[in-house]
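Q: Predicted structure and sequence below. I'll ask about it afterward.
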Amino acid sequence: MSENDFGQLAYLSLLLLVIGGYFLIQNRHRLGAMLQQASIWALIFVGVIAAAGLWENMRDDVLPRQTVIADQGVVELPRAPDGHFYMLADVNDTAVRFVVDTGATTIVLSMEDAARVGIDTDRLVFLGRANTANGEVRTAMVKLDELRIGELSDRNVRAWVNEGELNGSLLGMSYLDRFERVEITRDTMRLIR
């Protein structure tokens, strides 16, 4: 623990002591009721911490997930709570979460995702231009060694790296065209090869 951490811990302990002391003095005539309320709040606090810690495990059971039926060449994507369809794909053996964007022409990687999949972003040459909702951005063309969804695999896939602000990567029509059919039925998108 660094000196700075120790100082912050000491400050927070002193602050907790002062506030706790104030409440004890103010409520000394109702100590039983105050302890009961403090216990309730402590249980709520512990419950929130437990739920936050277990969310990753619970999310897979509560929210539907992407399904790949490789022998049929089918990928099923559930609609996310924000209304979009997301696809988890392995790009150069690194998991990347894409927004499936039928309004995007190509596969577009954010700078962050490009670096994670092994592209040297310092050596990119941004010769292309793209018009986005946020205005014009510069782009650099790259080749992805492999883009894999479950057992479905494509090699030497052309993509673009966006130099601008991008919250995530986009899976556009150039990739969706590799499928024979793209169907949306209520809250499920099916990609069929």
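A: Happy to help now that I have it.
Q: Mind giving me the packing neighbours of the longest helix anywhere in the chain?
A: Identified as the longest helix of the chain according to DSSP state H is helix 31-62. In terms of contacts (3 or more Cβ pairs under 8 Å, 6 or more residues apart in numbering; DSSP states H and E), helix 31-62 is packed against helix 3-26. Heads up, the C-betas are built off the backbone N, CA and C, glycines and all.
Q: Report pLDDT for residue 157.
A: Model confidence at residue 157, given as pLDDT, is 94.
Q: swap in residue 14?
A: In this model, residue 14 carries a pLDDT of 83.
Q: about what we covered before: quick check: next helix or strand after the longest helix of the chain?
A: Next helix or strand after helix 31-62 toward the C-terminus (DSSP states H and E): strand 67-69.
Q: Show me what that next one pairs with in its sheet, parallel or antiparallel.
A: Strand 67-69 pairs in its sheet with strand 74-78 (antiparallel), by DSSP bridges.
Q: pLDDT of the partner strand, averaged?
A: 92.
Q: Give the buried residues for that strand.
A: By neighbour count on 16 or more other Cβ atoms under 10 Å, the buried set for strand 74-78 is 74, 75, 76, 77.
Q: Fine by me, thanks again.
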